[in-house]
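Q: only geometry, no sequence info:
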């Protein structure tokens, strides 16, 4: 029996290291599992933080977008007001709206020879046509002044159809271009200004038409053409208001291109 006890003690002594080792392995596994769980929890927390940050950034961007949209609308309104003011100032500098045509042709008090009667009659018969031309022009111009640019374009087209070579045709082309420009129909606006410059290169409206042609080209994003046209304004009409405006616009284009 004593021998059995000794054997049991010896077996216990031999098995003790194995049991301790097993316990250490089990503890290490538990620690590793805890570390893995902690890492997972930390990753989850970081993910939540990142999502929260992204949501905040999206809200900030939406706020900035709304501010930009509001600012853009204000800029459009301001630009339109400035443009109309500029058009008015240019019109005054270039002579303004033409004076109404005379309703009748003065006739000499000296009796004319009989052979001259047809000539006097022809001159007198031209007075109603001139009056009709002025009335039609004023009718179209009223729509422009009231801000109805679609209607002014329609009336100016009708005027040019009726009086293609009239005394006010150049003015009608200019304001037709204006009507299209204000409504951002830049291609149609450019066509009217080109037509005016081609048919009436020395007209009082030519400097303004050349400037507006450059602005229309800029509106079409034809930057090279716009720059070339604006430089022509400066070269042809130095020390003028149109040259100053062209120079300012060139500086703006260059600043935008360098950004």
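A: Thanks, I have it. Keep in mind that what you see is a predicted model, and the values were worked out from it rather than measured.
Q: from here on, contacts and neighbour counts on C-alpha atoms
A: Noted.
Q: which parts of the stretch 51-200 of the chain are helices?
A: 117-145, 149-162, 169-182, 186-199 (DSSP state H, counting those that start in this stretch).
Q: most packed of those helices?
A: helix 169-182 (a mean of 25; mean count of other Cα atoms under 10 Å).
Q: how big is the angle separating that one from helix 186-199?
A: Counting by axes from the mean of the first three to the mean of the last three Cα atoms, to 10 degrees, helix 169-182 lies at 160 degrees to helix 186-199.
Q: now distance to residue 254 and mean pLDDT too, for the helices of the stretch 51-200 of the chain, in CSV please.
A: Listed next are those as CSV, based on distance: least, Cα to Cα, whole Å; pLDDT from 0 to 100:
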stretch, distance to residue 254, mean pLDDT
helix 117-145, 33, 67
helix 149-162, 31, 96
helix 169-182, 22, 96
helix 186-199, 21, 98
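Q: how about these in a markdown table, adding distance to residue 52?
A: As requested, the helices of the stretch 51-200 of the chain are exported to a markdown table (distance: least, Cα to Cα, whole Å):
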| stretch | distance to residue 52 |
| --- | --- |
| helix 117-145 | 54 |
| helix 149-162 | 50 |
| helix 169-182 | 45 |
| helix 186-199 | 46 |
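Q: among the ones you listed, which comes closest to residue 257?
A: Closest approach to residue 257 among the helices of the stretch 51-200 of the chain is made by helix 186-199 (20.7 Å; Cα to Cα).
Q: elements contacting the next helix-or-strand element following the closest one?
A: Later in the chain than helix 186-199, the nearest helix or strand by DSSP states H and E is helix 206-219. Under the contact criterion of 3 or more Cα pairs under 8 Å, 6 or more residues apart in numbering; DSSP states H and E, helix 206-219 touches helix 186-199, helix 223-236, helix 241-258.
Q: quick one: mean pLDDT for the second one?
A: In this case it means helix 223-236. The average of the pLDDT scores along helix 223-236 is 97.
Q: what angle do that helix and helix 241-258 make?
A: 150 degrees.
Q: would you mark the buried spots in helix 223-236?
A: Judged by neighbour count using 16 or more other Cα atoms under 10 Å, the buried positions of helix 223-236 are 223, 225, 226, 227, 229, 230, 231, 232, 233, 234.
Q: what's the spacing between the fifth one and residue 248?
A: To tie it back to what came earlier, the one meant is residue 229. Computed as Cα to Cα, to the nearest Å, the residue 229 to residue 248 distance reads 13 Å.
Q: quick one: closest of the helices of the stretch 51-200 of the chain to residue 69.
A: Short answer: helix 169-182, nearest of the helices of the stretch 51-200 of the chain by Cα to Cα, at 19.9 Å.
Q: done for today, thanks.
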